[in-house]
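>>> how does the following fold in three dimensions:
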Amino acid sequence: MLHLTKKIRSKLRQLSIVKCQMFLKVNCQRSIVKCRQSGYVALMSAIVISFLLIAITVSLGLNGFFGRFNILDSESKERSSALAEACVDAAILDAANGIYHATPAPPVPVGSDNCTIVLSQLDAPSPGETLIKTQACINKSFTNIEVVIKSNTFDVISWIELPNFIPNVNSCPS
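Numbering: from 1, shown residues only. Model (predicted):
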């Protein structure tokens with residue numbers, strides 16, 4: 001009987017060792033799967049973060065690139081506005097000399113640019129007043145000004161920038 005118990009004990013030990021080895025093997029396989037999954041998650045996270053960083057960098061770069069054109073457009077508008085105002089001054093000078101333009105006058109040179117006196121009409125919109133319309137364009141940025149002055153004192157009654165004259169009489173240099 002003693003011998004039988006030793007055999008049983010020996011078998012039980014062998015079974016427990018095998019059981020333990022199987023348990024360790026299963027746990028190792030589970031941990032390998034977990035390790036592979038955590039590597040996959042880390043890889044996907046790195047890819048997503050990389051795409052986000054690239055998108056932010058590209059949008060900031062394009063913002064600066066297009067910002068240049070906004071500044072250029074605003075500068076062109078300022079220049080065309082100043083040019084149209086200079087044309088108004090030239091039309092007031094012409095009105096003081098008794099010269100009125102029923103049709104667009106030839107371009108008025110102002111520095112290296114030109115503007116156009118579109119209309120200079122005596123007694124319009126009412127008697128004793130003169131209506132002046134001018135147009136200037138720089139880099140496709142138009143400025144259209146309509147001014148009403150007193151015909152005898154040349155004081156400005158109204159000064160309005162209009163969205164457009166139809167048709168645009170000034171050819172716009174690029």
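>>> contacts and neighbour counts: CA atoms only from here.
Will do.
>>> need the per-residue pLDDT for residue 53.
Looking at residue 53, its pLDDT is 96.
>>> what's the answer for residue 70, then?
88.
>>> now the one 4 residues further on
The predicted structure scores residue 74 at 94 on the pLDDT scale.
>>> likewise residue 20?
Listed pLDDT for residue 20 reads 54.
>>> does residue 143 touch residue 172 like I think?
No. With contact taken as CA atoms under 8 Å, residue 143 and residue 172 are classed as non-touching, separated by 11.0 Å.
>>> which of the two has more neighbours?
Under the criterion of other CA atoms under 10 Å, the comparison of residue 143 against residue 172 puts residue 143 first, with 25 against 15.
>>> now the helices for this protein?
In order along the chain, the chain carries the following helices (DSSP state H): 2-96.
>>> if I look at the residue nearest in space to the middle of it, how far off is residue 59?
Against the mean C-alpha coordinate of the chain, by CA atoms, centre = their mean, the closest residue is residue 66 at 5.5 Å. Relative to residue 59, residue 66 is positioned 10 Å away (CA to CA, to the nearest Å).
>>> who touches residue 81 in this structure?
In this structure, residue 81 makes contact with 136, 142, 143, judged by CA atoms under 8 Å, 6 or more residues apart in numbering.
>>> from those, pick the one nearest residue 49.
Sorting the contacts of residue 81 by distance to residue 49 puts residue 142 at the head of the list, at 45.8 Å, by CA to CA.
>>> isn't the closest one right up against residue 77?
Yes. Under the criterion of CA under 8 Å, residue 142 makes contact with residue 77 at 7.1 Å.
>>> which one of these two is surrounded by more residues?
More neighbours surround residue 142 than the other of residue 142 and residue 77, with 24 against 20 (other CA under 10 Å).
>>> how many neighbours does residue 130 have?
25.
>>> quick one, what contacts the closest residue to it other than its chain neighbours?
Nearest-residue entry for residue 130: residue 122, 4.5 Å, with adjacent residues in sequence omitted and distances by CA to CA, 6 or more residues apart in numbering. By CA under 8 Å, 6+ apart, the residues touching residue 122 are 100, 128, 129, 130, 131, 151.
>>> perfect, that will be all.
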